[in-house]
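Q: Structure here, sequence nowhere to be found:
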């Protein structure tokens, strides 16, 4: 057993709300409301302990990641026979925060239990659960009434299909994200060849995306971005900005990629670097955001259908 590696996952805004209930004898409700328990005001202490519980989750639960916490809210509702504790946690990071919210609720509940046990032997804790969680890839999933079609083009003077790893990684990633890869080609670092293939596939019906790999650097034969720039009608700067920013946090060489992204007709074209590692990282940064682009191109804007 080991902690799951989330190093290649993109960061996103995440929230979770968890609850715990502390059940008590109705005879002590006035003492609880007045803050007259033997150990003082239960709500003040439980708010502090719940906050600490959120912050120290990774110390208590061995396979939880230590994560940056942006906000914590601990709230209480008192009913005739129970106190409802809710803990809301938010963070911008790579994994969800439901364990932090649950831990905060549990620690707050244990604090209330500890403070009330001298006056109530019937105390119990229950209904510990996640009420809501949001964020991560799941919030950005898109569905279509047909499979999206993709083409992968490897630009290389030296690779053949047996030697190519980058193109195959792109094919696997596209397939895992619901695309039908309808063609896969390896072509030389020749500007006219690249332009010809991009044009040819864009003129076909129902080619939703073309991803190239290779030829994006500063070498004398790195001409993929130059060829792509001649083909696209609109550039999508945000895609390659995101890819380079994602890559730069993993290698200082990412800033040297000249890849571009854009649209010709109804087809998105994206240049990825040539190395297998850079391809894997770029693909991780590309999804799930790219999936929304096709609905925008259909005229749906940012509204989820």
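A: Good, I have the coordinates. The structure displayed is predicted, hence computed values, not measured ones.

Q: Tell me how many other residues crowd residue 207.
A: Using other CB atoms under 10 Å, residue 207 has 22 neighbouring residues. C-beta coordinates here come from the backbone N, C-alpha and C atoms, glycine included.

Q: if you go through the stretch 51-200 of the chain in chain order, where are the strands?
A: Using DSSP state E, counting those that start in this stretch, the strands of the stretch 51-200 of the chain run over 71-78, 82-93, 124-134, 148-155, 179-187.

Q: list the buried ones in the first one?
A: Right, the one you point to is strand 71-78. 72-74, 76 (16 or more other CB atoms under 10 Å).

Q: hmm, back to that, residue 237 is nearest to which of the strands of the stretch 51-200 of the chain?
A: Taking CB to CB as the criterion, strand 148-155 is the member of the strands of the stretch 51-200 of the chain that comes nearest to residue 237, at 21.1 Å.

Q: what's the angle between the closest one and strand 179-187?
A: Relative orientation of strand 148-155 versus strand 179-187 (axes from the mean of the first three to the mean of the last three CA atoms, to 10 degrees): 20 degrees.

Q: What pairs with strand 148-155, parallel or antiparallel?
A: If you go by DSSP bridges, strand 148-155 pairs up with strand 179-187 (parallel), strand 209-213 (parallel).

Q: circling back: now distance to residue 200 too, for the strands of the stretch 51-200 of the chain, in a markdown table please.
A: Putting these into a markdown table (distance: least, CB to CB, whole Å) gives the following:
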| stretch | distance to residue 200 |
| --- | --- |
| strand 71-78 | 51 |
| strand 82-93 | 42 |
| strand 124-134 | 43 |
| strand 148-155 | 10 |
| strand 179-187 | 10 |
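
Q: quick revisit: highest mean neighbour count across the strands paired with strand 148-155, which stretch is it?
A: Ranked by mean neighbour count, the strands paired with strand 148-155 are led by strand 209-213 with a mean of 27 (mean count of other CB atoms under 10 Å).

Q: Can you report the mean pLDDT over the residues of it?
A: Throughout strand 209-213, pLDDT has a mean value of 97.

Q: just checking, next helix/strand downstream of that strand?
A: helix 224-231 (DSSP states H and E).
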